[in-house]
Each structure stands twice: as structure tokens, then as C-alpha cells.
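[1] pasting the sequence and the predicted model now:
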Amino acid sequence: MIKNILILGAGSAGLIAALSLRRFFPQMPIRVVRSKDIGVIGVGEGTTFTFPQFLFNDLKLSPEEVYAHAQPTWKLGIRFLWGPRAEFFYTFSKQFNFRRLDLPKPNGFYCDEGVENLDVVSAMMRQHRALPRGKNGLPDFAQHQFLAFHIENERLVEFLEGCARTRGIEFTDGTVREVERGAEGVAALLLESGERLGADLFVDCSGFRSELLGRTLAEPFRSFDRSLFCDRAVIGGWPRTDEIIEPYTTAETMEAGWCWRIEHERWINRGYVYASHFLSDDAALAEFRRKNPKVAGEPRVVKFRTGRYERLWVNNVVAIGNASGFVEPLEATALGVIVNQSRWLGQCLRENSLAPTPGMRAIYNRVAGDSWEETRDFIALHYAFNTRIETPFWRTCQAETDLGKARGIVEFYQENGPTSVAEPLLLRHPSAFGMEGYLAMLVGMRVPHQKPHQAAVTEREIWRNHTQLCKTVAKSAFTVREGLDYIRQPGARWS
Ligand SMILES: Cc1cc2nc3c(=O)[nH]c(=O)nc-3n(C[C@H](O)[C@H](O)[C@H](O)COP(=O)(O)OP(=O)(O)OC[C@H]3O[C@@H](n4cnc5c(N)ncnc54)[C@H](O)[C@@H]3O)c2cc1C
């Protein structure tokens, strides 16, 4: 029976896990131990829609609180400079996996020529706008389920820590020097100060160090290097001056990888994710600087290893976040994975009345492991079909990327076109991306298929009117700047 929980690490993973577990177990003693000397990774600034939902729906935080303290900007999706099209937009809404009642085919079949203005969300992205104008003329936040955030990492961690403290979570500053093993797995953490901290359940959120699951319990690591070849990132940015705050992350093809652009209110963050096998750090830095002449100061290089541990819950240790696995941030999925892992853990513990059984641990390991693998396969798809530039890196991606279970989805698409009828058969459940995500990438990258649709004249007319209407609605929407100015006015309304 678990009577207390100790979380190692106070990066985003440790704090989200603590907050989530507190929600499930309001009376449980929960302590977070973290080393200020080691610090946090300091990256992880783009989210999916899962993260705002965690703040608003799970933690029941008010929008006023979140926007005042975490100071996010709105992210409607990702603008891909990827594949043969000039650009395409990945959203959290249903652009492709949607059929109008007056059309015989889903939207994806009408996208041979262009993928613009498929719905209001992608049309707003194209118009550099973020919030639809409601009937009362004010920004409409009802679409919050399609919104994700850009949040500066330091601010995010500070905000989450504040939330954790107000919910009675205890913090200990100290570096773990040694781990005491016990019959259940781990018995206690021994800090450099000499303090000994025991617990019934240990949540390992120690980042890439994976102090408990990886180092102490020596759980085998399953590499994803047959699917994903990048292993480093150069990170830098510059203070915003007159650049518009875009309502999306940009993902731009680079010579041996890709570069993100994340839009904070006062800072623009860029990061070049690359494969060191194809590009030296110096060459990556040079390309990064050439394409981003405004970069201020010295960019830093972060190394990472892509993959996951065989089991994520072993005996009384559960790893969450980078301590459990890592997939590069091309879809900014990590915070969403952390939220989901934390929720599943809470559910499993609650179902077992805090006395977890081997069967429950096995279920958790399957679901959490699958979610890492789905992310791997989905990101692999981005690499395998990006034909934008010809370099040794991209030729290798096209020839050698292992698509894992996404292979079946691609083959079905190549045979049947952008239909979603087989979603229940093709996708893992729960799927973080849904058929919509796969179709957005496959249609966006113009992956050929054998079922082009010859639309009749009337269909083309309906389609033209549809996209035109989306564009018109989008043009009246608010920019991020206007939205931020609005919510800071006294009496701003959220519904
Ligand atoms: C290049 C790059 C870009 C990324 N971009 C995104 C993104 O856009 N969106 C996204 O969702 N995710 C992104 N991520 C993933 C991001 O890192 C994670 O989402 C998130 O920050 C989780 O980190 P963490 O809490 O697991 O680890 P960390 O932030 O590293 O925290 C580890 C904690 O453990 C503590 N600790 C470790 N060892 C000890 C010890 N011995 N004793 C005491 N304390 C210890 C540390 O002090 C720290 O508090 C990115 C990752 C990389 C590498």
C-alpha cells in the first residue's frame, strides 16, 4: 500500500507528475527532490493542445492565473516548410479528416492543388491570426480545445512549482549521491547533505540522467536510431523587435535536420535539430547562424539520445519525462506525453487502491511504451517523405527510415487516398495524433496515392466557397498581439 510518494526532479516532468498525482490523491504526502546544481534542461517550450487542457481541465486553473503567471502565447499548430509545397499547416483541429455533408469525399481529396484555408484554424494561421472574433466582437476563447501554447521554459517551471507548493507538495533541495536498494526496488535516496529520504513509490523525473530507472535499476534502453537519426540541437534566439508574433511554431527543413522557431512575446527561440553523423557541431552552428543572423549571444548545443526504456514502471519506480524516454520535438509532444503518463499513473494507482498489482504495472508499461513508439513512428514519417531538399542526410532518411507501425498507415493511404475509414484498425489507441495527424503530414508532403478524386464542377464550386468562407472568417480574427492586449485589460471576458 503506497502511503507516500517521492519524486526525483523538478523539471516540467517532476512538477506535472506531482500536480497530477495530487489531483488523484489530495491527502497523499508527496515530496519533490531536486538538485539546483544540476538544474533543469531548460528546453521544452512548445506544447500540444494536451497541455492547456491539463492546466484548465485537470488542474482547474483559471485562464487569468495561467495567462498572468505562465505568460504563454497561442499556438494553433505548426507551419511546415517541408516537402514540395511552399508551406502547409498542421493543426489540432480537423482539417483533412473531415467531410462536409454536401461533398462526397473528405477534405483531403480536394487538396491536390492547395492545402490553404481547409478550416478556420489553418486559415487563421495563414493570416497570422490566432483568436476568432465572436459575435460580440471580442476574442472567442471557446475554441480553446484547438489551442496549444508557447511558454518560456524557465517561466513554465517556476509557474508549475508555484502551483505545486500551493497544493501542499513539499520540496527538498539536494543532490542524490546514492540510491539505497530494497526488496521493492528502491528503499531510499541518500543526498549529498547526508539526508536519507525513503518512500513507498519513487517517480523518476531526473531527466536524461534517469537516476532510478536507468542507472539504479539498469532497465535496458531501447534505441530508436533506426527511425530517427538526429541526436543534437543548437539552440539560440533573439529579442523580438518588430516581428509579428506568429500563432504557430515553424518547422523548417535544414541540411541535416530541421529548425524550429518558437514565438514568445518578447523572445524568438530557434533550435536546429541535426544528426551529428552527417554534420559537425561547427557546421550546424554555421548553418544556424547563416539562416538566423539575428541570433544573440552564443547558441548552446544539447545532445540527446532517442529511445525509451523497455519498461517504464519497474517495482516501486516509475519514470516520467526524459527519464523514461525521448523523441525529438518535431511535433512538440514531450509535455503532452508527460501529462498522459502522469494521468495514467494516477488512474492505475487509484484503480488498484494504491496497492499496484503486476498486471496493472504491465498495462501501464504497455500503454506508456506504445505512446513513445507511436510518437517515434509518426515523426519518422515526417523524415521519410520530406523531399524538399537533396542532401546526403535527406537521401538517407528517404531510403532508410524505419516507419514501424506507421508503415501500414502509409501503405493504406497510398492505396486508398486520404480517407479515414480505417482509423480504428490502423491506429494505436489511444492515439496522440489521430488519423488527422497522419493525413495532415501525408497530404501536406504530397505523398502520392492511387485514388485521386476528379471533383465535379458543383463539388469544386462548393469547395471554393468553403475555403473562401474560412479565409473571410480568419481575416476578421485577432492576432496574438491583439489577443494579449485584450486579456490584460480589466474586465476581459473568457467565454
Ligand atoms: C532540444 C530539445 C528541444 C525540446 N523541445 C521541446 C518542446 O518544444 N516541447 C516539449 O514538449 N518538449 C520538448 N523537449 C523535451 C523537454 O526536455 C521535456 O518536455 C521537459 O522539459 C521534461 O524535462 P524533464 O523534467 O524530464 O527533465 P529536466 O528538465 O532535465 O529535469 C530533471 C530534474 O531532475 C533533477 N535531478 C537530476 N539528477 C538529480 C540528482 N542526482 N539529484 C537530484 N536531482 C536530480 C534536476 O535537478 C531536475 O530538477 C525538448 C527536448 C530537447 C532535448
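    Noted; the coordinates are in hand.
[2] give me the residue ranges of this protein where confidence is low.
    Scanning the chain for pLDDT under 70 picks out 143-145, 495.
[3] who are the contact partners of the residue nearest the centre of it?
    Centroid-nearest residue in the chain: Thr333, 1.9 Å away (criterion: Cα atoms, centre = their mean). By Cβ atoms under 8 Å, 6 or more residues apart in numbering, the contact set of Thr333 is 48, 327, 375, 432. Heads up, the C-betas are built off the backbone N, CA and C, glycines and all.
[4] burial measure for the last one, as a count.
    Here the count is done by other Cβ atoms under 10 Å, and Ala432 has 18 residues near it.
[5] quick one: which helix or strand includes it?
    Counting by DSSP states H and E, no helix or strand carries Ala432.
[6] ok, the contacts of Thr333 vs the ligand, which is closest?
    Nearest to the ligand among the contacts of Thr333, counting by Cβ to the nearest ligand atom, is Thr48 at 7.6 Å.
[7] thought the closest one was touching Leu147?
    No: using Cβ atoms under 8 Å, Thr48 makes no contact with Leu147, being 10.1 Å away.
[8] and the residue of the stretch 51-200 of the chain closest to the ligand?
    Of the residues in the stretch 51-200 of the chain, the one nearest the ligand is Val176, at a distance of 3.7 Å by Cβ to the nearest ligand atom.
[9] near that residue, how many other residues are there?
    Val176 has 22 nearby residues by other Cβ under 10 Å.
[10] do Leu81 as well
    17.
[11] any idea what it is bridged to?
    Glu252 (DSSP bridges).
[12] so Arg79: helix, strand or coil?
    Look at Arg79: counting by DSSP: H, G, I helix; E, B strand; the rest coil, its state is strand.
[13] typo on my end, Leu190
    Put simply, Leu190 is strand when judged by three-state DSSP.
[14] which residue sits closest to it, ignoring its sequence neighbours?
    Excluding the flanking residues, the one nearest Leu190 by Cβ to Cβ, 6 or more residues apart in numbering is Glu178, at 4.3 Å.
[15] which strand or helix spans that neighbour?
    Under the assignment here (DSSP H and E), Glu178 is part of strand 176-182.
[16] same for whichever strand or helix holds Ala164, what does it pack against?
    In this assignment (DSSP H and E), Ala164 forms part of helix 153-166. Contact partners of helix 153-166 among helices and strands, from 3 or more Cβ pairs under 8 Å, 6 or more residues apart in numbering; DSSP states H and E: helix 12-24, helix 63-69, strand 170-173.
[17] does the first one reach the ligand?
    Yes: using Cβ under 6 Å from any ligand atom, a contact is recorded between helix 12-24 and the ligand, made by 12-14.
[18] JSON lines for those residues, including neighbour count?
    Formatted as JSON lines, the residues of helix 12-24 next to the ligand follow (neighbours: other Cβ atoms under 10 Å):
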{"residue": "Ser12", "neighbour count": "28"}
{"residue": "Ala13", "neighbour count": "31"}
{"residue": "Gly14", "neighbour count": "31"}
